[in-house]
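A.B. asks: Give me a 3D structure for the following:
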Amino acid sequence: MKRNPRKLKWTKAYRKNAGKEMVVDSTLLFGARRNEPVRYNRDLVQKTLGAMQRISEIRARRERVFYKKRMAGKRERELTAARELVAKNEHLLPRMRGSEKRRLEELAAEQGLDVEELAAEHLQNAKHDNKLFGGEKKRLRVRVDGGVEGDGDNEMDID
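C.D. replies: Got it, this is the predicted structure:
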């Protein structure tokens, strides 16, 4: 499809170009093919197998270090981005009424707790309480015989 492999995120070329994989490392040269036929020698094969294991260990260690360096400071960057997002869209967050804030401040003063912790706990509980955003509407069905049927346990009969 004549696409540039450096722009396709799943290709090796993209990962190297974007700095997600090691590019300059001496252990990568050992994986290159050599077209020189070598006469079989038992000692040479044994040394080669040992060297291959050692090279894979070294490469794994270097990749771990490379990854740690690449990910260093990621948490702080995510936190700053999240803080900027919250600051920019603060008008979308749920707020408490002034009376609720005063009540929480009094409660915090009585219990000796921090107001912010109590407010955060209150907002967490308010997600499950529909008082913050209005009451929940109950759906009722009117039956043919004149009764009213509700959802679940809230059945009512009107005579």
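A.B. asks: contacts, neighbours, all on C-alpha from now
C.D. replies: OK.
A.B. asks: Poorly predicted segments of the protein, please.
C.D. replies: Counting by pLDDT under 70, the chain has low-confidence residues at 126-137, 151-159.
A.B. asks: center of it - which residue?
C.D. replies: residue 78 (9.9 Å; CA atoms, centre = their mean).
A.B. asks: For that one, what are phi and psi?
C.D. replies: phi -60, psi -40 (degrees, to the nearest 10).
A.B. asks: gap between it and residue 146?
C.D. replies: According to CA to CA, to the nearest Å, residue 78 stands 59 Å off from residue 146.
A.B. asks: just the strands in the chain please.
C.D. replies: Using DSSP state E, the strands found in the chain span residues 140-142, 148-150.
A.B. asks: Name the stretch among those strands that sits most buried.
C.D. replies: Mean neighbour count (mean count of other CA atoms under 10 Å) peaks for strand 148-150 among those, with a mean of 15.
A.B. asks: elements contacting that one?
C.D. replies: When contacts are defined as 3 or more CA pairs under 8 Å, 6 or more residues apart in numbering; DSSP states H and E, strand 148-150 packs onto strand 140-142.
A.B. asks: How far off centre is the strand it packs on?
C.D. replies: Remark: strand 140-142 is offset 44 Å from the chain centroid, using CA atoms, centre = their mean, to the nearest Å.
A.B. asks: Would you mind pulling up the elements that it packs against?
C.D. replies: Against strand 140-142 (3+ CA pairs under 8 Å, 6+ apart) you get strand 148-150.
A.B. asks: Quick one: distance of the strand it packs on to the chain centre.
C.D. replies: Centre-to-centre, strand 148-150 and its host chain are 44 Å apart (CA atoms, centre = their mean).
A.B. asks: How about the contacts made by the residue nearest to residue 58 when sequence neighbours are not counted?
C.D. replies: For residue 58, ignoring the flanking residues on the chain, the nearest one in space by CA to CA, 6 or more residues apart in numbering is residue 27 at 7.7 Å. When contacts are counted by CA atoms under 8 Å, 6 or more residues apart in numbering, residue 27 touches 55, 58-59.
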